[in-house]
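Student: after the sequence you'll find the predicted model.
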Amino acid sequence: MSENSEKPSLPKDVRVRFCPSPTGIPHVGMVRTALFNWAEARHTGGKLVFRIEDTDNARDTDESLKMIIEALNWLGIDWDEGINVGGPDGPYYQSQRTDIYKKVAQQLLDAGYAYESFSTPEETAARNEANGRPARFGYDGYDRTMSEEEKEKFRAEGRKPAIRIKMPDEDITFTDLVRGPITFKAGSTPDYVIVRPNGDALYTLTNPVDDALMNINVVLRGEDLLSSTPRQIVLYDYLKKLGIAKQTPLFGHLPYVMGKGHKKLSKRDPESNLFLLRDRGFIKEGLLNYLALLGWSMGPDKDVFSMDELAKNFSVYDVVANPAHFDIDKAIAINAEHIRQLDTQDFIERSVPYLHKDGVVSAEKWEDLTGHEREVLTAAAPLVQTRVRLLSEVSGMVGSLLSDDEYLEPDEGALKQLKDDSGEVLDKAIEVLEAVPDGQWKADHLQELLEDELVAKAGFKPRRAFGPVRVAESGRRVSPPLFQSMEIIGKDLSVARLKNLRSHLDDVLAAKAAAQKDASKGGKKN
RNA sequence: GCCCCUGUCGUCUAAUGGUCAGGACAUCAGACUUUCACUCUGACAACGAGAGUUCGAUCCUCUCCGGGGGUACCA
């Protein structure tokens, strides 16, 4: 869709990958990376490979791995080769590929592209300091020219070498798919370790080797990996010479997702935790849509779209390079749009787990609900769908409709709706409503009746008239539309609630007055 | 220190060598209304600074400043 003469064009058969390390809980930055890779694959008709980079035993956990897979499944981000689905280049767990890395490291060594390095980090730092270089100068290449005799001496002492890649002394340039041409100056990237002295291959080796073996030709990853690109480019050159890599992939570095202030969204931020967002009531469509907006946009006037539209329109060339802040309010607003777009039945079924968690219904799944629950929810769904922005808000809206309590304790906001004349309002409402024949207990009729009796005849302002009735029926200041609610609740319970609020009214008003007095004293507790 | 990325309303972004610099979220005001929402109307609000190129720069170049990342035997 987009063109950019400064940027290289994509290969015919795009092969992208998503390769997380299974550490910690899935976070939005990770999901956004997965999403863009997915979108690029779907847009171009290419393939998405899903690999797990579990080379860091200390931090990797099975729990994390399960959560990542669950996250992708929930979101509907699917892949073509890799974990669970297999493919021609497996295994797709790096922990099962150690022999491959060992062999490649040896080939690199034999070809002279890599060398054994006996210097410990401490020794390197000490040399830097002794030579007047900052300790952070990095590795100085000391072992590169070490003679065989010296190495032999170290081995005799029982020292084991790390393996380092030789970096050429020249500028390294590549054209980033999102940032354009980037040049790293010669000498700015030291010889780096690919295998630890204990034989463990590091990310620096495993990632490019697997990408090469899995024939990945487009790498879309986080900006944090940008500065490791020059060393990978060098490694690819070596791998190509060894016949291991077909090509150097194209790189595109996606901007960070930032949290508050100028900090990368950290795992401690609750909005970074995918499952917390889901618990909060984000639906996948809304969350994904919002995440796609972080660093990309569909066009001037469109920011609510589906996954299909994303796949149709996405292009890595349109990704912007500057970091984006995660704005929970906008995320919620986008989510609300998607909730409204849901088919009503779909909406209510997706709400059921949240309702169950809040103790509002008897089961986790729609199919397991009672007939009465389903009936009420079906009637209530259209009333609440435009009134919630997150699925977790549904409970508050339908709670009073599903409860069979004959008295609902007014919450704090509801208290404010109750005035000195509320008793008269309730008396009148009870009188009028008790006389309604069962067959006429319908929202329209109730509305007509109460408007007539309370407003027109009794002269109450609508707000003053319906406020107390609402409080009686819902216990809250905010509720779904009153008359429809009363229809759903039914005559007996509706009237019972009115009567009960009426009989509690004096106490409630007294308590309210006391609370106000308290508050005006300074509001300090203890 | 050195290397690299980045800078348009508070936030996400669009567009452009010449426009009133557009939209969305948020905020505020209003309409609708039985509450709250939905919907609609309106308001507020941005090109980090300085040079240079140019008839003209938000856009091109340079410098500075701000922010971020790297400089690991993490990824």
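Tutor: The structure has been received and is ready for your questions.
Student: which positions in the stretch 351-500 of chain A make contact with RNA strand B?
Tutor: A:386-387, A:447, A:451, A:462-463, A:466-467, A:470, A:477-484 (C-beta under 7 Å from any atom of the strand). All C-beta atoms are positioned from the backbone trio N, CA, C, and that covers glycine.
Student: if you set the cut-off to 6 Å instead, what comes out?
Tutor: For the stretch 351-500 of chain A, the contact set with RNA strand B under C-beta under 6 Å from any atom of the strand comprises A:386-387, A:447, A:462-463, A:466, A:477-479, A:481-483.
Student: and which of those residues is nearest to A:K7?
Tutor: A:T386 (43.0 Å; C-beta to C-beta).
Student: chain neighbours aside, what residue packs nearest to that closest one?
Tutor: Residue nearest to A:T386 in three dimensions, not counting chain neighbours: A:R340, with 5.8 Å by C-beta to C-beta, 6 or more residues apart in numbering.
Student: what's the helix or strand for that neighbour?
Tutor: According to DSSP states H and E, A:R340 maps onto helix A:328-341.
Student: so which elements touch that helix?
Tutor: Helices and strands touching helix A:328-341, by 3 or more C-beta pairs under 8 Å, 6 or more residues apart in numbering; DSSP states H and E, are helix A:284-292.
Student: just want the angle from the helix it packs on to helix A:328-341.
Tutor: Computed with axes from the mean of the first three to the mean of the last three C-alpha atoms, to 10 degrees, the direction of helix A:284-292 lies at 140 degrees from that of helix A:328-341.
Student: can you give me the helices in the stretch 251-400 of chain A?
Tutor: For the stretch 251-400 of chain A, helices defined by DSSP state H, counting those that start in this stretch occupy the ranges A:274-280, A:284-292, A:307-313, A:328-341, A:344-357, A:371-385, A:394-402.
Student: got the contact list for A:A381?
Tutor: Applying C-beta atoms under 8 Å, 6 or more residues apart in numbering to A:A381 gives the contacts A:344-345, A:347-348.
Student: closest one of these to A:V304?
Tutor: When the contacts of A:A381 are ranked by distance to A:V304 (C-beta to C-beta), A:F347 comes first, at 16.2 Å.
Student: the closest one is in contact with A:Q385, isn't it?
Tutor: Yes: under the criterion of C-beta atoms under 8 Å, A:F347 makes contact with A:Q385 at 5.4 Å.
Student: list residues touching both of these two?
Tutor: Residues touching both A:F347 and A:Q385 (C-beta under 8 Å, 6+ apart) are A:I339.
Student: and A:T204, what element?
Tutor: Per DSSP H and E: helix A:203-213 holds A:T204.
Student: re the thing from before, TSV for the helices of the stretch 251-400 of chain A, including mean pLDDT?
Tutor: Formatted as TSV, these follow (pLDDT from 0 to 100):
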stretch	mean pLDDT
helix A:274-280	96
helix A:284-292	97
helix A:307-313	96
helix A:328-341	97
helix A:344-357	97
helix A:371-385	96
helix A:394-402	95
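Student: which one of the ones you listed lies nearest to A:T229?
Tutor: Across the helices of the stretch 251-400 of chain A, A:T229 has its closest neighbour in helix A:284-292 (24.0 Å, C-beta to C-beta).
Student: quick check, pLDDT for A:G522.
Tutor: For A:G522, the model assigns a pLDDT of 50.
Student: gap between the residue nearest to A:T386 and A:S392?
Tutor: Separation of A:R340 from A:S392 (C-beta to C-beta, to the nearest Å) stands at 16 Å.
Student: the two - which one has more neighbours?
Tutor: Counting neighbours by other C-beta atoms under 10 Å for A:R340 and for A:S392 shows that A:S392 has the greater number, 18 against 14.
Student: ok, the residue located most distally from the centre of chain A to A:R155 distance?
Tutor: No residue in chain A sits farther from the centre than A:E149, which is 55.2 Å out by C-alpha atoms, centre = their mean. For A:E149, the distance to A:R155 (C-beta to C-beta) stands at 11 Å.
Student: what helix or strand is the closest residue to A:V425 other than its chain neighbours on?
Tutor: In space, A:V425 comes closest to A:P468 once its chain neighbours are excluded; the distance is 4.9 Å by C-beta to C-beta, 6+ apart. In this assignment (DSSP H and E), A:P468 forms part of helix A:462-474.
Student: coming back round to it: what subset of the residues of the stretch 351-500 of chain A next to RNA strand B is buried?
Tutor: For these, a burial check counting by 16 or more other C-beta atoms under 10 Å picks out A:387, A:447, A:466, A:477, A:479, A:482-483.
Student: walk me through the domains of chain A.
Tutor: By the assignment in automatic domain parsing, chain A contains the domains A:15-91+A:256-332, A:97-254, A:342-402, A:412-520.
Student: which stretch in those has the least confidence?
Tutor: domain A:412-520 (a mean of 90).
Student: what about it, distance to the chain center?
Tutor: Distance of domain A:412-520 from the chain centroid (C-alpha atoms, centre = their mean, to the nearest Å) equals 42 Å.
Student: just the helices in the stretch 1-150 of chain A please.
Tutor: Going by DSSP H, counting those that start in this stretch, the stretch 1-150 of chain A shows helices at A:28-44, A:62-75, A:98-111, A:121-130, A:148-156.
Student: a markdown table please, covering those helices and showing distance to RNA strand B.
Tutor: A markdown table is the format used below for the helices of the stretch 1-150 of chain A (distance: least, C-beta to the nearest atom of the strand, whole Å):
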| stretch | distance to RNA strand B |
| --- | --- |
| helix A:28-44 | 10 |
| helix A:62-75 | 12 |
| helix A:98-111 | 11 |
| helix A:121-130 | 5 |
| helix A:148-156 | 11 |
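Student: A:R502: which of those helices is closest?
Tutor: Taking the helices of the stretch 1-150 of chain A one by one with C-beta to C-beta, helix A:62-75 is closest: 47.6 Å.
Student: re earlier: so the residue nearest to A:T386 sits right up against A:R387, yeah?
Tutor: No: A:R340 is not in contact with A:R387 according to C-beta under 8 Å; the separation is 9.8 Å.
Student: residues contacting A:L265?
Tutor: A:27-29, A:256-259, A:271-272, A:326.
Student: again, only using 7 Å
Tutor: By C-beta atoms under 7 Å, 6 or more residues apart in numbering, the contact list for A:L265 reads A:28-29, A:257-259, A:272, A:326.
Student: what's the closest of those residues to RNA strand B?
Tutor: Proximity of the contacts of A:L265 to RNA strand B (C-beta to the nearest atom of the strand) peaks at A:M258, which lies at 6.4 Å.
Student: in contact with that closest one, which residues?
Tutor: Going by C-beta under 7 Å, 6+ apart, A:M258 touches A:264-265, A:323-326.
Student: what number of residues are in the vicinity of the spatially closest residue to A:Y93 that is not a sequence neighbour?
Tutor: Distances taken as C-beta to C-beta, 6+ apart put A:I52 closest to A:Y93, at 5.0 Å, once the chain neighbours are dropped. Counted with other C-beta under 10 Å, the neighbours of A:I52 add up to 23.
Student: go on, A:P8?
Tutor: By other C-beta under 10 Å, the burial measure for A:P8, its neighbour count, is 13.
Student: how close does it sit to RNA strand B?
Tutor: Using C-beta to the nearest atom of the strand, to the nearest Å, A:P8 is found at 16 Å from RNA strand B.
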